[in-house]
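Colleague: Build me a model from this:
(chains A and B)
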Protein chains: 2
Amino acid sequence: MRRLAVVVFNGASLGAMSFAFGVFEMASAFGELPDLDLKVVGGEPGTALRGGGLTVPVPEDLDAVRNADLVLVPNWRSPMEDPPEAALAALRAAHDRGARVAGLCSGAFVLAAAGLLDGRPATTHWAMAPLLAARFPAVRLDESVLYIDDGDILTAGGGAAGMDLGLHLIRSWCGAEVANRLAKGMVVPPHRPGGQAQYIESPMPELDEGDPVSETMAWALTRLDTALPVDELARRAHMSRRNYDRRFREITGAAPGTWLTHQRVIRAQQLLESTDLPVDEIARYCGFSSSAALRPHFRRQVGVTPVSYRETFGTRLGVPEPMLS
Amino acid sequence: MRRLAVVVFNGASLGAMSFAFGVFEMASAFGELPDLDLKVVGGEPGTALRGGGLTVPVPEDLDAVRNADLVLVPNWRSPMEDPPEAALAALRAAHDRGARVAGLCSGAFVLAAAGLLDGRPATTHWAMAPLLAARFPAVRLDESVLYIDDGDILTAGGGAAGMDLGLHLIRSWCGAEVANRLAKGMVVPPHRPGGQAQYIESPMPELDEGDPVSETMAWALTRLDTALPVDELARRAHMSRRNYDRRFREITGAAPGTWLTHQRVIRAQQLLESTDLPVDEIARYCGFSSSAALRPHFRRQVGVTPVSYRETFGTRLGVPEPMLS
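Modeller: Reported below is the predicted structural model:
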């Protein structure tokens, strides 16, 4: 018997349940996990799932949490709110008993609040990663991956990354062939190349108007097609290179050269998404000599190649749409 | 006001709801569809969703179906069972009123039973495509794509292909930028390259032992690395080439050469999934002179390149797993 408890909290979305436990339900339907006892339980009194006009009461059942072999927490309603202490205690009790505990998407905040992620590698929804890092600095956060299996503690990125973790668990229990067959049955890829990094939205950095270093950053963003030597940026800010670098790090957390490359790659992402310009031309617009020069930086930051990124995220390209008219 | 009715039938899986309407719920949560009225309704008396130990009653509401602007049927419990006539009548009434009607996964069987797919291009879950073709021969079925937008009638392939269709609808309503932002928020690709074809499981063909043509097919399957001229196969069956071709077509629905190429590509898929042999070597094991010779056939049949297929479905390759240990 493999006891799996899926802990939901009040207001959780009915439309997110595939990401939470769809893979396991499908595995059962395929007869692959005959010993699975899958139970969705409320993590607090008065829990209800909501969606599509339905309200689905889910009774609190912390005993099921304490006695599970694997506890999944698919989400948490607000990164700034403390989860109920009774649920945290039940998670800790399960973990102490030897259960594996998994936090998907915003559910990682519940594990973090229980102290289970201290000093551990973990991930969460990319949009909430800065908040998690700020609230729980002891977590070794990596938002670039789809999931992390750290043995007794597992975490997944946002939304559908929960399915990737689910398939990973099925793979470890039943083998890769079964996981592949299930994935094909659900019409999802058993392995997604490139991790969560490619899904991260990169907003324009917020720059402080009065600050001379911020001003050079804003200036640089309008000239990403040029070389932008850091010495020149320091000169524009009327600062020594050493002071400029120090102040730059205070603002961005990165060295100027690193930040500039990061911004060049973000610009390339935007152009790949919104234009049908050749990749070589895009590379030059972003200050790289060619697509070959762009490629390794793009791959390191985004997790996939520029061509593959455009294939997935391009909105202007004449991609062969799977549509008849 | 955009009225969207999601029609579920008794026993529908709670764990499939993201595929059914998760995209629309997420769009609402993002504030992108302020005028959306999304309602999950029962398509028959006594409907309940089930999953994770929960039973969720969903009241029958065929008025909501009749008055919707878009009706989504996410699944149907059995390809061999006739859907309830009242639901079919409500679907037809909605369609007559000018509503768009969409069938996802096995839900396409409901649209077909309502007569809405006659003479129309449509898709369904790849595993059920042969059954749909047999029961509803007037449907112009294409199982290779993730979804088909034929204007008033829409269909999606299995499981997660429902999300691809959902994102397509959001794209048509709100633009590609909004669809991209939503997809990133759900950590799903806004465009999936390659369609449903790459997810199709290809079982060994069932061959009739006593039949001489079937015997040559079985023999050929053990020698896919060789040239296999059809004249030689006919000779082995002690038949004229013309009779052999005719009998072959009766059994497989295809000409011998077409069938052989199909089997060679299936073999290549299997080797890409289960071995880490170089693609050139795999190509030769399957009777192609090189990976360059394999590539166009593979791409036509599977929808993606051999390298991309291995990246997604390979189980033996030392792919960089998104895991720390």
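
Colleague: and stretch A:57-71, which residues are buried?
Modeller: Neighbour-count burial for stretch A:57-71 flags A:58, A:60-62, A:64-71 (criterion: 16 or more other C-beta atoms under 10 Å in any protein chain shown). For glycine as for every other residue, the C-beta is placed from the backbone atoms N, C-alpha and C.

Colleague: nope, stretch A:131-150 is what I was after
Modeller: Residues of stretch A:131-150 classed as buried by neighbour count (16+ other C-beta under 10 Å): A:131-132, A:136, A:139, A:141-150.

Colleague: any chance of the buried residues of stretch A:57-71 in JSON lines, with pLDDT too?
Modeller: Shown next, in JSON lines, are the buried residues of stretch A:57-71 (pLDDT from 0 to 100):
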{"residue": "A:Val58", "pLDDT": "97"}
{"residue": "A:Glu60", "pLDDT": "95"}
{"residue": "A:Asp61", "pLDDT": "95"}
{"residue": "A:Leu62", "pLDDT": "97"}
{"residue": "A:Ala64", "pLDDT": "96"}
{"residue": "A:Val65", "pLDDT": "97"}
{"residue": "A:Arg66", "pLDDT": "96"}
{"residue": "A:Asn67", "pLDDT": "95"}
{"residue": "A:Ala68", "pLDDT": "97"}
{"residue": "A:Asp69", "pLDDT": "97"}
{"residue": "A:Leu70", "pLDDT": "98"}
{"residue": "A:Val71", "pLDDT": "98"}
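
Colleague: any residues touching stretch A:294-304, and which ones?
Modeller: A:144, A:193-198, A:261-262, A:264-265, A:268-269, A:279, A:282-283, A:286, A:288, A:305-306, A:309, A:312 (C-beta atoms under 8 Å, 6 or more residues apart in numbering or on different chains).

Colleague: Just the ones of those in helices?
Modeller: Judged by DSSP state H, these include A:261-262, A:264-265, A:268-269, A:279, A:282-283, A:306, A:309, A:312 as members of helices.

Colleague: Can you tell me the closest non-neighbouring residue to A:Leu14?
Modeller: Spatial nearest neighbour of A:Leu14, chain neighbours left out: A:Gly51 (3.0 Å); criterion: C-beta to C-beta, 6 or more residues apart in numbering or on different chains.

Colleague: Count the residues that sit near the one you found.
Modeller: Neighbours of A:Gly51 under the rule other C-beta atoms under 10 Å in any protein chain shown: 24.

Colleague: Model confidence score at A:Asp35, please.
Modeller: pLDDT, A:Asp35: 91.

Colleague: What about it? Give its phi and psi, please.
Modeller: Backbone torsions for A:Asp35, taken as degrees, to the nearest 10, come to phi -100, psi 10.

Colleague: Pretty sure it sits against A:Arg2.
Modeller: Yes - with contacts counted by C-beta atoms under 8 Å, A:Asp35 reaches A:Arg2, the gap being 5.3 Å.

Colleague: Look at these two and report which has more neighbours.
Modeller: A:Arg2 (14 against 9).

Colleague: could you pull out the helices for the stretch 51-200 of chain A?
Modeller: Using DSSP state H, counting those that start in this stretch, the helices of the stretch 51-200 of chain A run over A:62-66, A:85-96, A:108-113, A:129-135, A:161-174, A:176-186.

Colleague: Out of those helices, which is the most enclosed?
Modeller: helix A:108-113 (a mean of 28; mean count of other C-beta atoms under 10 Å in any protein chain shown).

Colleague: what does it rub up against?
Modeller: A:7, A:43, A:73, A:76, A:79, A:82-83, A:87-88, A:91, A:101-103, A:117, A:122-125, A:128, A:132, A:135-136, A:139, A:153, A:155.

Colleague: Return a PyMOL selection command for the buried portion of these.
Modeller: Restricted to buried positions by 16+ other C-beta under 10 Å, the PyMOL selection for the contacts of helix A:108-113 reads:
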select buried, chain A and resi 7+43+73+76+79+83+87+88+91+101+102+103+117+122+123+124+125+128+132+136+139+153+155
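
Colleague: Can you report how many residues lie near the residue nearest to A:Ala268 when sequence neighbours are not counted?
Modeller: In space, and not counting its chain neighbours, A:Ala268 is closest to A:Cys286: 4.6 Å by C-beta to C-beta, 6+ apart. By the criterion of other C-beta under 10 Å, A:Cys286 has 23 neighbours.

Colleague: Just the pLDDT at A:Cys286, thanks.
Modeller: On the pLDDT scale, A:Cys286 is placed at 93.

Colleague: thought A:Ser106 was touching A:Ala127?
Modeller: No - assessed by C-beta under 8 Å, A:Ser106 is found out of contact with A:Ala127, at 9.3 Å.

Colleague: list the contacts for A:Arg171?
Modeller: Each residue near A:Arg171 by C-beta under 8 Å, 6+ apart is listed here: A:178-179, A:190.

Colleague: And the helices in the stretch 201-325 of chain A?
Modeller: Remark: helices assigned in the stretch 201-325 of chain A by DSSP H, counting those that start in this stretch are A:212-221, A:230-236, A:241-252, A:256-274, A:279-285, A:291-302, A:306-313.

Colleague: Distance check, A:Gly53 against chain B.
Modeller: Distance from A:Gly53 to chain B, counting by C-beta to the nearest C-beta, to the nearest Å: 5 Å.

Colleague: Revised request: answer the last question for A:Leu207.
Modeller: A:Leu207 is 22 Å from chain B, by C-beta to the nearest C-beta.
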